[in-house]
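A.B. asks: Show me the folded form of this:
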Amino acid sequence: MTIEAWLAFAATASALLLLPHPLAFSVATYARSWGRKSAFVTVPAATFAIVLAAGLSAAAVAALLAVMPAIDDAASWLGLSFLMLYALYALQDPRLRQGIADNDNLPETRPLRVFGHFIRITFRSGRYVFLLAAILIQFATPVVAMETFYPATIGLLAAAAFASALAFALFPQFSTWKRRRRSQAGKASHKPKTLYIARRAVTAGYRRIAA
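C.D. replies: Okay, the predicted model is just below:
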């Protein structure tokens, strides 16, 4: 491929991996609990999981084009349609609006088990395999050199996964679009958290209870 095609591939992969997805929410959840130091575990775990899925996707795309090279154009259009639907679906994730609770219990706390947890998330459904295959099919051709194209694209996918996971680990607030609620009617404007009950101002104290 030309340098422009490689840049387009890297930009496409990066943009799609920066959209909300289960691995990104997991990275953000660990960052909210452990702080930014969680990136030393979660970012390599997310990158490794994406590389595994990319290897499977590359093998499937290479086999498909080798067996049925005539469906190259049709597969490319089908993959493009999938990417558009994927982007719309990702932006409708309810966790974007609800946010991630600060007191979420972490499923795993040991580094090796965190790696296993991220791999389970990746292969729990075919989401990532189909996503990466849809990206690859946009640039692969039946005559492409497998020895150079697929290792290079997997390397770019690994770099995009690393960068996106690092962004969610350093800035977990980007994983939610939750907005602050406006002050409700009935609250006194001159006192914070003050409600009028029986014509008297009563201040209610709140305390977070960890799950």
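A.B. asks: Run through who's touching stretch 29-46.
C.D. replies: Contact with stretch 29-46 is made by 23-24, 26-27, 100, 102, 104, 106, 111, 114-115, 117-119, 161-162, 165-166, 168-170, 172, as judged by Cβ atoms under 8 Å, 6 or more residues apart in numbering. Glycine gets a C-beta too; all of them are placed from N, C-alpha and C.
A.B. asks: next one: the helix or strand hosting Ala11 to chain centre, how far?
C.D. replies: Assigning secondary structure by DSSP states H and E places Ala11 in helix 3-17. On the basis of Cα atoms, centre = their mean, to the nearest Å, helix 3-17 sits 16 Å off its chain's mean C-alpha point.
A.B. asks: any idea how far Ala169 lies from Leu91?
C.D. replies: Between Ala169 and Leu91 the computed distance is 21 Å (Cβ to Cβ, to the nearest Å).
A.B. asks: and what of Met1?
C.D. replies: 29 Å.
A.B. asks: Which one's more surrounded, these two?
C.D. replies: Met1 (16 against 11; other Cβ atoms under 10 Å).
A.B. asks: That one reaches Ala10, doesn't it?
C.D. replies: No - here Met1 lies out of contact with Ala10, judged by Cβ atoms under 8 Å, at a distance of 11.1 Å.
A.B. asks: what is the mean pLDDT for whatever helix or strand comes next after the helix holding Ala11?
C.D. replies: Using DSSP H and E, the next helix or strand after helix 3-17 towards the C-terminus is helix 22-34. When pLDDT is averaged over helix 22-34, the result is 91.
A.B. asks: how much does helix 22-34 deviate in direction from helix 3-17?
C.D. replies: 60 degrees (axes from the mean of the first three to the mean of the last three Cα atoms, to 10 degrees).
A.B. asks: Could you give the separation of helix 22-34 from the chain centroid?
C.D. replies: Distance of helix 22-34 from its chain centroid, counting by Cα atoms, centre = their mean, is 10 Å.
A.B. asks: CA atoms only: put it into PDB for me.
C.D. replies: C-alpha atoms of helix 22-34 as PDB (Å, rounded to 0.1, in the frame of the first residue of the first chain):
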ATOM      1  CA  PRO A  22     -16.200  -2.800  26.600                       C
ATOM      2  CA  LEU A  23     -12.400  -2.800  26.800                       C
ATOM      3  CA  ALA A  24     -12.300   1.000  27.000                       C
ATOM      4  CA  PHE A  25     -14.900   1.000  29.800                       C
ATOM      5  CA  SER A  26     -12.800  -1.700  31.700                       C
ATOM      6  CA  VAL A  27      -9.700   0.400  31.400                       C
ATOM      7  CA  ALA A  28     -11.600   3.500  32.600                       C
ATOM      8  CA  THR A  29     -13.000   1.500  35.500                       C
ATOM      9  CA  TYR A  30      -9.600   0.400  36.700                       C
ATOM     10  CA  ALA A  31      -8.300   4.000  36.300                       C
ATOM     11  CA  ARG A  32     -11.100   5.300  38.500                       C
ATOM     12  CA  SER A  33     -10.300   2.800  41.200                       C
ATOM     13  CA  TRP A  34      -6.500   2.600  41.000                       C
END
